[in-house]
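# Pasting a predicted model and its sequence here:
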Amino acid sequence: MQLKALVLIVAGSVLAGNAALAVTADDVKWINQCIKDNKGGASEEIVRKYCTCMNNKMDDNETLSITQWEKTHPKERAACDKQAGWK
């Protein structure tokens with residue numbers, strides 16, 4: 001039950017924050033994995049915003065996870081850190 005709630009929260013956040021972007025089940029999967037990878041790094045809200053931002057910056061055909069991709073894209077990571085309020 002908690003996983004379903006998290007998926008709905010993430011999907012809702014993505015839709016509300018980025019109404020022009022389409023959210024797919026694959027997007028939700030990657031965002032949820034990013035949230036798990038960053039658990040404890042900041043508040044849940046900030047991590048969700050960061051992961052959604054990073055997902056939106058990635059190409060739809062990308063095969064790396066957000067956590068892997070962010071290591072090779074420091075400019076995008078810095079922009080999403082700032083957008084999410086990560087300190």
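Looks like it arrived, so ask away.
# Please tell me how far the most centrally placed residue in the chain sits from Asp59.
Among the residues of the chain, Cys51 comes closest to the average C-alpha position under C-alpha atoms, centre = their mean, at 1.9 Å. According to C-beta to C-beta, to the nearest Å, Cys51 and Asp59 sit 16 Å apart. In short, each C-beta sits where N, CA and C put it, glycine included.
# got it, and Lys39?
Computed as C-beta to C-beta, the Lys39 to Asp59 distance reads 26 Å.
# More neighbours: which of those two?
Per other C-beta atoms under 10 Å, whichever of Lys39 and Asp59 has more neighbours is Lys39, with 10 against 7.
# Please verify my assumption that that one contacts Val47.
Yes - Lys39 is within contact range of Val47, at 7.3 Å (criterion: C-beta atoms under 8 Å).
# Tell me how many other residues surround the residue nearest to the residue nearest to the centre of the chain when sequence neighbours are not counted.
Nearest non-adjacent residue to Cys51, counting by C-beta to C-beta, 6 or more residues apart in numbering: Cys34, 3.6 Å away. Using other C-beta under 10 Å, Cys34 is surrounded by 23 other residues.
# Just the element for Cys34, please.
helix 25-37 (DSSP states H and E).
# Per-residue pLDDT of Thr24, please?
Looking at Thr24, its pLDDT reads 86.
# I'd like to know how far it sits from Gly85.
Applying C-beta to C-beta, the value for Thr24 to Gly85 is 26 Å.
# Could you do Lys71 as well?
Counting by C-beta to C-beta - Lys71 and Gly85 are separated by 21 Å.
# any low-confidence regions in the protein?
The chain contains residues with pLDDT under 70 at 1-22.
# which stretches of it form helices?
2-17, 25-37, 44-57, 66-70, 74-84 (DSSP state H).
# tell me the most buried of the ones you listed?
helix 44-57 (a mean of 21; mean count of other C-beta atoms under 10 Å).
# That one - contacts with which helices or strands?
helix 2-17, helix 25-37, helix 66-70, helix 74-84 (3 or more C-beta pairs under 8 Å, 6 or more residues apart in numbering; DSSP states H and E).
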